[in-house]
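Colleague: Below are the sequence and a predicted model for it; my questions follow.
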Amino acid sequence: MRIQPTRLLPIIPLAMCAASSNAQLIETQYDAPSLDRWMYPFNGSPGTRFEMSVFGAPLLEGFDDHDAQVLLGFDTSTEFSPSLGADQYRVHDITVTVTVANDSGFIYDDSYDDYTTYGVEGEPNDLDPGHPMNLFLPGYKPGISQSTFLENSSFGTVPEVAPAQGMRNVFAAIFDNDGFAQNISNHVKEEFNAVPLAIGTTDLVNSGDLVPADTTFSFTFTPCDEGARDELARMLDRGEIRFIVSAMSPASGGPGGGEGDYPVFYSKENPIAQIFGYAATLDIRARVGSVGDYNGDGSKNFLDVSAFLADFGNGDVAADVNGDCSFNFLDVSGFLSEFSSN
Ligand SMILES: [Ca+2]
Ligand SMILES: [Ca+2]
Ligand SMILES: [Ca+2]
Ligand SMILES: [Ca+2]
């Protein structure tokens with residue numbers, strides 16, 4: 001049905017007003033997290049340690065396979081207006097970095113290790129040396145949430161299997177399309193592949209070589225997966241984006257002590273990190289508000305159509321309107337729908 005011309009008059013100014021207050025494509029960097037927390041059951045100084053390690057205890061009863069994890073949080077509330085509703089945020093590109101504090105302490109592995117390589121069916125049969133660093137989104141136990149779990153909050157509750165298995169309040173998770181966070185901390189024991197959003201990579205070390213201190217690793221990804229994309233949007237709506245870093249490198253000295261073969265990262269509290277910029281960082285490009293005002297100048301006109309079509313033609317993920325990492329008519333119709341709506 002065609003809209004009568006007389007009805008257009010009150011609609012257009014409303015659309016322009018809404019666009020000018022909200023719609024924009026924002027690209028920004030955070031040089032340090034607002035929260036970093038070593039997520040290990042026997043961490044005696046939660047939130048304030050100078051170093052945070054990640055290691056695994058695959059198939060060890062009483063310990064999560066992803067035994068020591070790191071929780072990172074970045075306060076986005078200044079750059080990305082929060083509380084507009086999760087459907088008002090589209091995350092296009094993310095790069096998280098962490099910098100290694102230990103020297104020659106572990107071997108760089110730049111590819112995913114299948115869960116069977118950890119010895120589920122016998123001896124470990126990992127074909128490439130070392131284990132990769134993984135980036136996940138955090139999930140929370142019932143009764144715990146992003147707003148209630150802070151940098152110094154309690155690690156967990158009564159363990160499912162003593163001394164500490166299954167007790168963490170915050171865990172590395174994979175989100176399904178309904179927003180359910182599956183805890184992947186024991187994916188080797190439970191025999192499934194937990195593929196992370198990204199694996200940590202560096203150009204300064206060859207895969208298979210020992211990693212020198214002060215090497216920075218980058219986790220770069222576009223959230224093609226609907227579950228991850230939606231949770232990232234919900235986190236921008238909450239005003240803070242969080243991640244979990246893990247690695248399945250074994251703690252060879254046994255849990256809680258001894259020399260291990262695993263990565264250790266600088267925390268934001270570390271004085272060296274503060275001087276040299278070794279705290280974790282986040283680069284993010286995301287759209288807030290309607291994609292119809294594509295260039296974010298507060299009005300919808302032919303400039304938005306031409307800017308969208310240029311990005312669409314170039315395969316820029318900013319024009320991937322439905323966020324599924326492919327470019328087709330669904331993105332064009334999605335753009336036109338928001339362009340023509342108020
Ligand atoms: Ca901290
Ligand atoms: Ca490996
Ligand atoms: Ca515009
Ligand atoms: Ca698409």
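Modeller: The structure has been received and is ready for your questions. Ligands and ions are numbered 1, 2, ... in the order given.

Colleague: Every contact and neighbour count from this point should use C-alpha atoms.
Modeller: Fine.

Colleague: Give me the three-state assignment for Asp230.
Modeller: helix (DSSP: H, G, I helix; E, B strand; the rest coil).

Colleague: From the chain's centroid, how far away is stretch 185-193?
Modeller: 20 Å (C-alpha atoms, centre = their mean, to the nearest Å).

Colleague: And for stretch 290-308?
Modeller: Remark: stretch 290-308 is offset 29 Å from the chain centroid, using C-alpha atoms, centre = their mean.

Colleague: Is there proximity between that stretch and ligand 4?
Modeller: No - using C-alpha under 5 Å from the ion, we find that stretch 290-308 stays clear of ligand 4, coming within 12.8 Å at best.

Colleague: right, and Ile144 touches Asn169 too?
Modeller: Yes - the criterion here is C-alpha atoms under 8 Å, and Ile144 meets it with Asn169 at 6.8 Å.

Colleague: Tell me which of the two has more neighbours.
Modeller: It is Asn169, of Ile144 and Asn169, that has more neighbours when counted by other C-alpha atoms under 10 Å, with 20 against 12.

Colleague: check contacts around the spatially closest residue to Asp126 that is not a sequence neighbour.
Modeller: Nearest residue to Asp126 in three dimensions, chain neighbours excluded: Thr117, at 4.7 Å (C-alpha to C-alpha, 6 or more residues apart in numbering). Thr117 sits next to 124-127 when contact means C-alpha atoms under 8 Å, 6 or more residues apart in numbering.

Colleague: for Thr117, helix, strand, or coil?
Modeller: Once three-state DSSP is applied, Thr117 turns out helix.

Colleague: Just the pLDDT for it.
Modeller: On pLDDT, Thr117 comes in at 94.

Colleague: Quick check: it vs Phe339, distance?
Modeller: For Thr117, the distance to Phe339 equals 50 Å [C-alpha to C-alpha, to the nearest Å].

Colleague: Which phi and psi values does Val291 adopt?
Modeller: phi -70, psi -10 (degrees, to the nearest 10).

Colleague: Revised request: answer the last question for Ala310.
Modeller: Main-chain torsions, Ala310, degrees, to the nearest 10: phi -60, psi -50.

Colleague: Any idea how many residues pack against it?
Modeller: 13.

Colleague: Which pLDDT value goes with it?
Modeller: For Ala310, the pLDDT comes out at 97.

Colleague: list the contacts for the one residue in the stretch 151-300 of the chain that gets nearest to ligand 4?
Modeller: Residue of the stretch 151-300 of the chain nearest ligand 4, by C-alpha to the ion: Cys224 (9.0 Å). Counting by C-alpha under 8 Å, 6+ apart, Cys224 touches 323-325.

Colleague: Please narrow these to those residing in strands.
Modeller: Secondary structure assignment by DSSP state E places none of the contacts of Cys224 in strands.

Colleague: Most neighbours among these, which one?
Modeller: Neighbour counts for these (other C-alpha under 10 Å) peak at Gly323, which has 21 neighbours.

Colleague: these two touch, right, it and Pro223?
Modeller: Yes - shown here, Gly323 and Pro223 form a contact pair, counting by C-alpha under 8 Å, at 7.4 Å.

Colleague: show me where this protein has strands.
Modeller: 24-30, 35-39, 51-53, 69-75, 89-99, 133-140, 170-175, 181-183, 198-199, 216-221, 240-247, 264-266, 281-288.

Colleague: What mean pLDDT does the fifth one get?
Modeller: What strand 89-99 shows for mean pLDDT is 97.

Colleague: in it, what counts as buried?
Modeller: Along strand 89-99, these residues count as buried under the neighbour rule (16 or more other C-alpha atoms under 10 Å): 89-99.

Colleague: re earlier: pull up the overlap in contacts between Gly323 and Pro223.
Modeller: Counting by C-alpha under 8 Å, 6+ apart, the residues touching both Gly323 and Pro223 are 92, 229.

Colleague: which bits of this protein sit near ligand 1?
Modeller: By C-alpha under 5 Å from the ion, the part of the chain that sits against ligand 1 consists of 36-37, 47-48.

Colleague: What about these, which one has the most neighbours?
Modeller: For the residues of the chain next to ligand 1, the largest neighbour count, defined by other C-alpha under 10 Å, is 29 neighbours, found at Asp36.

Colleague: which residues does the residue of the stretch 51-200 of the chain found nearest ligand 3 contact?
Modeller: Across the stretch 51-200 of the chain, the shortest distance to ligand 3 (C-alpha to the ion) belongs to Gln88, at 16.5 Å. Residues near Gln88 by C-alpha under 8 Å, 6+ apart: 233, 287-290.

Colleague: Also Phe312?
Modeller: 319-320, 327.

Colleague: from the residues of the chain next to ligand 1, which is closest to Asn301?
Modeller: Checking the residues of the chain next to ligand 1 against Asn301 with C-alpha to C-alpha, the nearest one is Asp36 at 43.4 Å.

Colleague: Quick check: the closest one touching Phe74?
Modeller: No - using C-alpha under 8 Å, Asp36 is not in contact with Phe74; the gap is 9.0 Å.

Colleague: And the residue nearest the centre of the chain?
Modeller: The structure's the chain has its C-alpha centroid closest to Phe243; by C-alpha atoms, centre = their mean the separation is 4.3 Å.

Colleague: correct me, but it touches Gln146?
Modeller: No - using C-alpha under 8 Å as the test, Phe243 is too far from Gln146 to be in contact (11.3 Å).

Colleague: thinking again about what came up before, skip the chain neighbours and tell me the closest residue to the residue nearest to the centre of the chain.
Modeller: Among residues not flanking Phe243 along the chain, Leu137 sits closest, at 4.7 Å (C-alpha to C-alpha, 6+ apart).
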